[in-house]
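*Asks:* starting from these lines, generate the structure:
(one chain, ligands or ions: 2)
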Amino acid sequence: MTDVSIILPTYNERDNICDLIDAIDRELSATDLSYEVLIVDDSSPDGTAEAVRARYGLIEDRSPDGRVILYVRTTDKGLAKAIRYGLEYAGGRTLVVMDTDFNHDPAMIPQMVDFLRYYELVIGSRFVMRGGMEDHTRYRMSLLYNVFIRSLFHTQIQDNLSGFFAVRRDNLFQLQSKFDRIFYGYGDYFIRLLLVAWRSDWKILEVPVFYILRRHGESKTGFWKIFRDYTAAVIKLRIFGL
Ligand SMILES: Nc1nc2c(ncn2[C@@H]2O[C@H](COP(=O)(O)OP(=O)(O)O)[C@@H](O)[C@H]2O)c(=O)[nH]1
Ligand SMILES: [Mg+2]
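*Replies:* Ligands and ions are numbered 1, 2, ... in the order given. You can find the predicted model right below:
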């Protein structure tokens, strides 16, 4: 069995994706972990899938060594659904999900995987020492938003929005009956996933991540739209539960 599956949801990341896969290769090949990288692309019009196919010589959307696997989805698009798809198709004992715009540092992966010996869930966090964001305005907004989330749910998770996490497959699939109620929408799925993990008494560790500015491409997050959508999702979760 493969040790680690790294799931990379992409939408219009043509200029980032191969650099990130190469960076993951550098970090993981320095360890004795076996790994696969799963790109879950929602039919990006910018040619993200073609870039991956060309760079890694994919045959039927797999690299000859089986290390890079591409899934192109055409229906039921959206970030949370893409992540669920990747989690369900991944073959690794440990599953890692991260953004593909270098917000999340692949150098953290080996240690996050290692800490799963002691924790059920390891997440990247901007709000622990040495975590942060180059974009100061978004940093302050996110910090405030996390205070809001904590005050509603009485959890002690500092970053409910990072979307960078590592989990053992067998632990995650204990929650499978709740997947339909967790994995929909955009980054709000992460708030729901964390709440379920917290209420299941999982031991959760936050390791620092520092978001550098995007190198290429554009953020899909329109600030006010996301603010509105997340607030609706959080209030619904507070009132009606999962
Ligand atoms: N598969 C898939 N990936 C998406 C979608 N929307 C965003 N992403 C990916 O999710 C990650 C986070 O998106 P990003 O635009 O960087 O959001 P931000 O970090 O909040 O600015 C990136 O890897 C995107 O390519 C989507 O609809 N489908
Ligand atoms: Mg981003």
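
*Asks:* name the next helix or strand downstream of the helix or strand containing Tyr71, please.
*Replies:* Secondary structure assignment for Tyr71, by DSSP states H and E: strand 68-72. With elements assigned by DSSP H and E, the helix or strand that comes after strand 68-72 is helix 79-89.

*Asks:* just confirm yes or no for that next one near ligand 1.
*Replies:* Yes: on the criterion C-beta under 6 Å from any ligand atom, helix 79-89 is in touch with ligand 1 at Leu79, Ala82. Where you see a C-beta, it was placed from the backbone N, CA and C, and this is true even at glycine.

*Asks:* what's in contact with that helix?
*Replies:* 5, 7-9, 11, 38, 40-42, 71, 73, 95, 97, 172, 179, 182-189, 220 (C-beta atoms under 8 Å, 6 or more residues apart in numbering).

*Asks:* likewise stretch 138-148?
*Replies:* Here stretch 138-148 has contacts from Arg126, Phe127, Gly132, Met133, Gln158, Asp159, Asn160, Leu161, Phe223, Phe227, Tyr230, Val234, using C-beta under 8 Å, 6+ apart.

*Asks:* highest neighbour count among those residues?
*Replies:* Asn160 (28 neighbours; other C-beta atoms under 10 Å).

*Asks:* show the residue spans covered by the helices in the chain.
*Replies:* 14-29, 48-56, 79-89, 109-115, 136-153, 169-172, 179-182, 188-199, 223-240 (DSSP state H).

*Asks:* which among the contacts of helix 79-89 are in contact with ligand 1?
*Replies:* Checking the contacts of helix 79-89 against ligand 1 by C-beta under 6 Å from any ligand atom, the ones in range are Pro9, Tyr11, Val40, Asp41, Asp42, Lys220.

*Asks:* tell me which of those residues is nearest to Asp105?
*Replies:* The closest of the ones next to ligand 1 among the contacts of helix 79-89 to Asp105 turns out to be Pro9 (C-beta to C-beta; 17.0 Å).
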